[in-house]
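Visitor: sequence and predicted structure below; questions after.
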Amino acid sequence: MSKKDSVTIYDISKELNISAATVSRALNNNPKISVKTRELVMKTAKKLNYKQNKLALALKSGRTNTVGVIVPYINRNFFSAVIDGIENELSPHGYHVIICQSHENVELEANHVTTLLNTKVDGIFMSVSKSTEDHDHFQKVLNEKVPLVFFDRKKDIQGVSSVTIDDFKGGYLATEHLIKQGATRIAHFSGNLNLEIYRKRHDGYIKALKDYGLPVNEKWIVHTNSKIETGASAVSELWQEKTVPDAIFSASDYAALGAIQELKKLNVSIPDEVSIVGFSNEPFTKFMELPISSVDQTPVLMGQIAAQVFLEQINGNQSLSIEKKVVLAPELYIRKSSNKEKNLKGKPLASME
């Protein structure tokens, strides 16, 4: 057979002396076609360099087998790990992932939503930006009857599923651990409290202090962000006071790292004088000269479950009426930055008992 620029299913059917309909079903993994026939068709398609017409398939099935993922930043291990989990779960089902960055800008986030909808994606996964207050672009997704799944950062919108961790429990676990290490003056480096995840970590911190009869000192609650320099400047500010904290719970590993760097400049011993716990369990936390205790957010698992929620929704008979709110349990990994007990080397603490 002479080589063609564009091989069709009719060329494959002629080569194998079977109907074009059988070839089409085999190429689309129709269970009515035997495994032997499917393998033969696939082998012949590869030999003839056949390329499926993705546009035609999309028009026929109503699906493009692509999904969009919108994250604040791709260069953060947490978000890249979530995307990895989504891809790992969806790839066996033939899905491809389009990745967009909002850079914490709600206008850019909304533009990405419009672009993805114009691309006819089958679903959108999103961790909302810090500046997101308006919900119009979310409603646009729902109006198009496209599944929308929030992960980590979310908004409570009817018809939208979400996969998060129990940030309140994570904040409680971190603070309780510091208390059990003997700390009584615990500072909190919070993130943007307009975001639910940081607000809940803050609330877990407050609850642990109250449960153990410790005072809440508003001067020791410093609003930082996920940057090293903000953790350093927070320490610099606090250590100008007469009474200083003996522990820090940071809602961000990066701010915790900045705090450690500044405390070393001040010749403060860690954890003997000040114990520190971060949040997110970034890879660098375990490989430092002074490994940092941190609350793990299980990002790969979060991505996998978000993908499973999407598959259940898109394959379900009830379509968008399926709505799930999945909350994963956090784990506290205890390392040298807070560990005054020598027998707790990197142990995960997964409960408040």
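Guide: Yep, it's here.

Visitor: need the contact list for Leu301.
Guide: By Cβ atoms under 8 Å, 6 or more residues apart in numbering, Leu301 lies in contact with 85, 328. All C-beta spots, glycine's among them, are computed from the backbone N, C-alpha and C.

Visitor: go on, Gly258?
Guide: 227-235.

Visitor: how close does the most centrally placed residue in the chain sit to Ala26?
Guide: For the chain, the residue nearest the mean C-alpha position is Val82 (4.1 Å; Cα atoms, centre = their mean). Taking Cβ to Cβ, to the nearest Å as the measure, Val82 falls 35 Å from Ala26.

Visitor: so where does Leu173 fall, helix or strand?
Guide: Using DSSP states H and E, Leu173 sits in helix 167-180.

Visitor: and the angle from the helix or strand that that helix is followed by to helix 167-180?
Guide: Going down the chain from helix 167-180, the next helix or strand is strand 186-190, by DSSP H and E. If you take axes from the mean of the first three to the mean of the last three Cα atoms, to 10 degrees, strand 186-190 sits at 150 degrees to helix 167-180.

Visitor: contacts for the next helix or strand after strand 186-190?
Guide: Counting by DSSP H and E, the element after strand 186-190 in chain order, helix or strand, is helix 196-211. The contact list for helix 196-211 (Cβ under 8 Å, 6+ apart) reads 152-154, 164, 166-176, 179, 186, 188, 190-193, 215-216, 221, 249, 251, 279.

Visitor: domain parsing for this structure?
Guide: The record's domain parsing of the chain by automatic domain parsing lists 9-52, 65-165+299-328, 167-297+332-349.

Visitor: show me the strands in the chain, by range?
Guide: Along the chain, counting by DSSP state E, strands occupy 66-71, 96-101, 123-126, 148-151, 161-165, 186-190, 221-223, 247-250, 275-280, 293-296, 325-328, 331-333, 348-349.

Visitor: ranking those by burial, who's on top?
Guide: strand 247-250 (a mean of 31; mean count of other Cβ atoms under 10 Å).

Visitor: now for that one, which elements pack on it?
Guide: Contacts defined by 3 or more Cβ pairs under 8 Å, 6 or more residues apart in numbering; DSSP states H and E place strand 247-250 against helix 167-180, strand 186-190, helix 253-265, strand 275-280.

Visitor: contacts for the longest one, please.
Guide: Read it as helix 167-180. Helix 167-180 is touched from outside by 186, 188, 196-198, 200-205, 207-209, 211-212, 214, 247, 249, 251, 275, 277, 279, 293, 295, 297, 329-330, 332, 334, 338, 349, 352, with contacts defined as Cβ under 8 Å, 6+ apart.

Visitor: let's see that with 7 Å instead.
Guide: Applying Cβ atoms under 7 Å, 6 or more residues apart in numbering, the external contacts of helix 167-180 come out as 186, 197, 200-205, 207-209, 212, 214, 247, 249, 275, 277, 279, 295, 330, 332, 334, 338, 349, 352.

Visitor: just want the angle from it to strand 275-280.
Guide: Going by the same axes, to 10 degrees, helix 167-180 makes 160 degrees with strand 275-280.

Visitor: which of the residues in helix 167-180 are buried?
Guide: 167-179 (16 or more other Cβ atoms under 10 Å).

Visitor: and which of these is nearest Asn105?
Guide: Asp167 (23.2 Å; Cβ to Cβ).

Visitor: follow-up on the earlier one: what's the closest of the helices and strands packed on strand 247-250 to Val7?
Guide: For the helices and strands packed on strand 247-250, the distance to Val7 is smallest for strand 275-280, at 49.4 Å, taking Cβ to Cβ.

Visitor: helices or strands next to the closest one in the packing?
Guide: Counting contacts by 3 or more Cβ pairs under 7 Å, 6 or more residues apart in numbering; DSSP states H and E, strand 275-280 is packed against helix 167-180, strand 247-250, helix 253-265, strand 293-296.

Visitor: of all those, which one is nearest Val113?
Guide: Closest among the helices and strands packed on strand 275-280, using Cβ to Cβ: helix 167-180, at 24.8 Å.

Visitor: OK, contacts around Asn49?
Guide: By Cβ under 7 Å, 6+ apart, the neighbours of Asn49 are Val7.

Visitor: swap in Tyr10?
Guide: Contacts of Tyr10 (Cβ under 7 Å, 6+ apart): Ala20.

Visitor: one step back: as CSV, the helices and strands packed on strand 275-280 with distance to Ile33 and mean pLDDT would be great.
Guide: Putting the helices and strands packed on strand 275-280 into CSV (distance: least, Cβ to Cβ, whole Å; pLDDT from 0 to 100) gives the following:
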stretch, distance to Ile33, mean pLDDT
helix 167-180, 48, 98
strand 247-250, 57, 98
helix 253-265, 51, 97
strand 293-296, 45, 97
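
Visitor: JSON lines please, covering those and showing distance to Trp239.
Guide: Output for these, formatted as JSON lines (distance: least, Cβ to Cβ, whole Å):
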{"stretch": "helix 167-180", "distance to Trp239": "18"}
{"stretch": "strand 247-250", "distance to Trp239": "11"}
{"stretch": "helix 253-265", "distance to Trp239": "8"}
{"stretch": "strand 293-296", "distance to Trp239": "21"}
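
Visitor: out of the ones you listed, flag the one nearest Phe138.
Guide: Using Cβ to Cβ, the nearest of the helices and strands packed on strand 275-280 to Phe138 is helix 167-180, at 20.9 Å.
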